[in-house]
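Asker: Just to be clear, the model below is a prediction. Sequence and coordinates:
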Amino acid sequence: MPTSQMAIQDDILTNLSKIGDLKVISRMSVMAYRGDALRNAREIGKALGVATLLEGSVRRAGNRIRVNVQLIDANNDEHIWAEDYDRDLTDVFAIQTDLAQKIASALQAKLSPTEKARLDNRPTQNPDAYLLFVQAHVCANRTDMFHDASLKAEPLFEQAIKLDPNFALAFAGLSMVESWIYHSFDPTEGRRQKARLNADEAFRLQPDLPEGHLALGFSYYYGDRNYERALAEFEIARQGLPNDAQAYMAIGAIQRRQGKWAESTANLEKAATLDPKGTNILINLASSHIALRNFETAKKILDRVMAIAPRSLEACGLKGFMAVLWKGDLSAAEKAFSSVPPENDVSGIMTWGRAWILTLERKFPDALELLEGFRGDTMFTTTTAPYPTAFAKGLIHLLQGDKTKARAEFEKAREISEKLLREAPGDAARHAQHGRILAALGQKQEAIAEGKRAVELLPESQDALDGPNCTSALAEIYACTGEFDEAFRLLDHLFAIPCNLTVPMFKLDPAWDPLRKDPRYQALIDKYAPKS
């Protein structure tokens, strides 16, 4: 379907979602049924948890547009209401507003004066800017929120803003993309500032815009780790977007980092009811249960994701990772990582995962062959620290007993790591990784200093989700450099809190090889092994 037609359908849903008296399912979940001619109203209603379906079509011929919509009772497939429009394309916003108000009336939903004002407000007077915004919005909300989609959305938002410098919604969208890029793979000061400046501009242009508060919230959350200010903004956004899953998910994500796991799970589950086929929400929910070591629950959630998006990079990767954490099942992990075709792995995250599994299996020649076939100097992982391919090779050479080859690779890895640190000196994950590389090079004090720096930048008290990863990296550095007392002290702590350390992983990971002959190693396993 052409973008303009899809945009009108999506914006009708967006307008309806602003009405607090209605429960409206996210467009991402609804998209699964788009174009489904053989639909079953009752089944769709049950799957989405709704009593009424909005069905329709949009056709464009030149500058004319024809819109047909109908409301259907999901219980008996009977028509409740229908409307046709045949107008100029320039009337598109008027059509959307009129439709939202008539649908609300047909469903006996009350409209507050604020909600009516929001429906009447046109986001832009420039139709070309609007179409660019829609394209950007689609890219920014891809089910797999990976690097290429975010980077494609950025220039589209910028072009929309160039056509209409007063387009507050586009500024908010651009800000959220910049915040996501900063948070997930490019933690540079330029990204952080760009996110804040665009959020501020959206707010200046339209102070009551809920999406502006959402953007400002992400800027405080991702950019500053100022949880209180972020939560205040997300709460304002939630009130203005009562059916938007994103605000609930953001609140839940912060609560998780605050160590409020029960409250976090409740908000993530609320987000999932508003967007039942939103894979990103479900993956976040599964990640929480994995950290809490609730593997049975996590498996059920990941099975839901795989049913929705069988080739999801995030879901396949998380499924493989969980197989190791839960049961040490390397064959299941290898199957999950190998299920994604190489052409879909442009960032190298699945290559990294497969090499990691082969290393755990001690299939060192196979792991090296896989890494030799990867052309990039770094592979993206689940952190903001791109993983030097040379570091992975060096560790395998070291495990094979070839210290000369290992050192040569570690030196290459150090150069890459130093460059990454210069780009983002305040990033904890990059300091943790640099410390591990220095430890492999035998630079004990420098390595420990880097590990401690990572923990200082991201202490568990500030981040109960990612903080333990820095603690774990410091424990690895201590193990590698012979500081066993410190390593065991941290490991005993990590086993007792929500994090990605489990007994099966502890038994398999070569990072803990230096500790295996120490009696405290087996004592830890006996202490924390799941009781049958």
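Answerer: Yes, it's here. On a predicted model such as this, the values are computed, not experimentally measured, just so you know.
Asker: Once you drop chain neighbours, what's closest to R362?
Answerer: Among residues not flanking R362 along the chain, L399 sits closest, at 7.6 Å (CB to CB, 6 or more residues apart in numbering). To be clear about C-beta, it is placed using only N, CA and C from the backbone, and glycine gets the same treatment.
Asker: and the one you found, what does it touch?
Answerer: Applying CB atoms under 8 Å, 6 or more residues apart in numbering, we find L399 in contact with T359, R362, F364, P510.
Asker: And the first one, how close does it get to F391?
Answerer: Separation of T359 from F391 (CB to CB, to the nearest Å) stands at 12 Å.
Asker: For stretch 156-168, buried residues please.
Answerer: If you call a residue buried by 16 or more other CB atoms under 10 Å, then stretch 156-168 has these buried ones: L156, F157, Q159, A160, I161, L163, D164, F167, A168.
Asker: Now do it: everything it contacts.
Answerer: Applying CB under 8 Å, 6+ apart, the set of residues contacting stretch 156-168 is 123-126, 128-130, 132-133, 135-136, 139-140, 170-171, 173-174, 177, 201-202, 205-206, 209, 212.
Asker: before we move on, what about stretch 87-94?
Answerer: Here stretch 87-94 makes contact (CB under 8 Å, 6+ apart) with S4, I8, R60, N63, R64, I65, V67, I95, R122, P123, P127.
Asker: Ok, stretch 455-468 next?
Answerer: Stretch 455-468 is contacted from outside by 225, 256-259, 261, 291, 383, 426-429, 431, 470-471, 474, 494, 497-501, using CB under 8 Å, 6+ apart.
Asker: mind checking the longest helix of the protein?
Answerer: Looking across the chain with DSSP state H, the single longest helix is helix 403-423.
Asker: For it, output the C-alpha coordinates as CSV.
Answerer: Taking Å, rounded to 0.1, in the frame of the first residue of the first chain, the C-alpha atoms of helix 403-423 are listed here in CSV:
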residue,chain,number,x,y,z
LYS,A,403,50.0,-16.9,23.1
THR,A,404,51.8,-15.3,20.2
LYS,A,405,48.8,-15.1,17.9
ALA,A,406,46.6,-14.2,20.9
ARG,A,407,48.7,-11.2,21.8
ALA,A,408,48.8,-9.9,18.2
GLU,A,409,45.0,-10.0,18.1
PHE,A,410,44.7,-8.4,21.6
GLU,A,411,46.9,-5.5,20.5
LYS,A,412,44.6,-4.9,17.5
ALA,A,413,41.6,-5.1,19.8
ARG,A,414,43.2,-2.5,22.2
GLU,A,415,43.6,0.0,19.4
ILE,A,416,39.9,-0.4,18.4
SER,A,417,38.9,-0.2,22.1
GLU,A,418,40.9,3.0,22.7
LYS,A,419,39.2,4.6,19.7
LEU,A,420,35.8,3.6,21.0
LEU,A,421,36.6,5.1,24.4
ARG,A,422,37.8,8.4,22.8
GLU,A,423,34.4,8.6,21.1
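Asker: Counting by contacts, list what the helix or strand just after it packs against.
Answerer: Counting by DSSP states H and E, the next helix or strand C-terminal to helix 403-423 is helix 428-440. Packing partners of helix 428-440 (3 or more CB pairs under 8 Å, 6 or more residues apart in numbering; DSSP states H and E): helix 389-399, helix 403-423, helix 444-457, helix 467-480.
Asker: ok, of the buried residues of stretch 156-168, which one's closest to Y182?
Answerer: Of all these, F157 has the smallest distance to Y182: 15.1 Å, by CB to CB.
Asker: Please report the distance of D244 from P342.
Answerer: Taken as CB to CB, the span from D244 to P342 is 36 Å.
Asker: Of these two, which one has the most company?
Answerer: D244 (23 against 13; other CB atoms under 10 Å).
Asker: Isn't the more buried one up against S17?
Answerer: Yes. Counting by CB atoms under 8 Å, D244 does reach S17; the two are 6.1 Å apart.
Asker: what sits against N198?
Answerer: With contact set as CB under 8 Å, 6+ apart, N198 has these partners: F171, A172, L174, S175, E178, A215.
Asker: remind me which residues of the chain are low pLDDT?
Answerer: 1-11, 26-39, 89-90, 142-147, 532 (pLDDT under 70).
Asker: let's see 50
Answerer: Per-residue confidence for the chain (pLDDT under 50) gives these ranges: 1-3, 37-38, 145.
Asker: Check the contacts of stretch 87-94 and tell me the two furthest apart.
Answerer: With CB to CB as the measure, no two of the contacts of stretch 87-94 lie farther apart than R64 and P123, at 22.0 Å.
Asker: of these two, who's got more company?
Answerer: Just comparing R64 and P123: by other CB under 10 Å the higher neighbour count belongs to P123, 21 against 12.
Asker: For that one, give its distance to S112.
Answerer: With CB to CB as the criterion, P123 and S112 are 20 Å apart.
Asker: before we move on, what about A496?
Answerer: Look at A496 and S112: by CB to CB, they are 49 Å apart.
Asker: the strands in this structure, which residues?
Answerer: 52-61, 64-73, 79-88, 378-379, 387-388 (DSSP state E).
Asker: Quickly compare those strands and say which is most buried.
Answerer: Across those, averaging neighbours per residue (mean count of other CB atoms under 10 Å) puts strand 387-388 on top, at a mean of 24.
Asker: returning to that earlier point: buried subset of the contacts of stretch 455-468?
Answerer: For those, a neighbour count by 16+ other CB under 10 Å gives the buried set as 256-259, 261, 291, 383, 427-429, 431, 470-471, 474, 494, 498-501.
Asker: ok, which stretches of the stretch 101-250 of the chain are helices?
Answerer: Remark: helices assigned in the stretch 101-250 of the chain by DSSP state H, counting those that start in this stretch are 113-120, 127-140, 147-163, 168-184, 189-205, 210-218, 227-240, 245-257.
Asker: Which of those sits closest to L438?
Answerer: Set against L438 and scored by CB to CB, the helices of the stretch 101-250 of the chain come closest in helix 189-205, at 24.3 Å.
Asker: what's around the closest residue to R430 other than its chain neighbours, how many residues?
Answerer: Nearest residue to R430 in three dimensions, chain neighbours excluded: A385, at 4.5 Å (CB to CB, 6+ apart). By other CB under 10 Å, 26 other residues sit near A385.
Asker: Surely A385 and G435 touch.
Answerer: No. Counting by CB under 8 Å, G435 is not a contact partner of A385; they are 10.9 Å apart.
Asker: Please report how far T114 lies from N121.
Answerer: 11 Å.
Asker: nope, K46 is what I meant
Answerer: In terms of CB to CB, K46 sits 35 Å off from N121.
Asker: for F410, same thing?
Answerer: 58 Å.
Asker: between those two, who's got more neighbours?
Answerer: Neighbour totals were compared for F410 and N121, and F410 leads with 25 against 14 (other CB under 10 Å).
Asker: dump the residue contacts of that one.
Answerer: Going by CB under 8 Å, 6+ apart, F410 touches A390, F391, G394, I437, A440, L441.
Asker: How about P341: what's its closest non-neighbour residue?
Answerer: If the residues on either side of it in the chain are set aside, P341 comes closest to R311, at 7.8 Å by CB to CB, 6+ apart.
Asker: can I assume Y221 is in contact with G252?
Answerer: No. With contact defined as CB under 8 Å, Y221 does not reach G252; the gap is 11.8 Å.
Asker: Pick out whichever of those two has more residues nearby.
Answerer: Comparing Y221 with G252 by other CB under 10 Å, the one with more neighbours is G252, at 26 against 23.
Asker: give me every residue that touches the residue nearest to T97 when sequence neighbours are not counted.
Answerer: With CB to CB, 6+ apart as the measure, L119 is the residue that lies nearest to T97, at 5.0 Å, once sequence neighbours are left out. With contacts defined as CB under 8 Å, 6+ apart, L119 is in contact with N15, K18, T97, A100, Q101, L111.
Asker: List of residues touching stretch 229-246?
Answerer: Outside stretch 229-246, the residues that touch it by CB under 8 Å, 6+ apart are 16-20, 22-26, 118, 208-211, 213-214, 216-218, 220-221, 224, 247-248, 250-251, 254, 271-272, 274-275, 278, 281.
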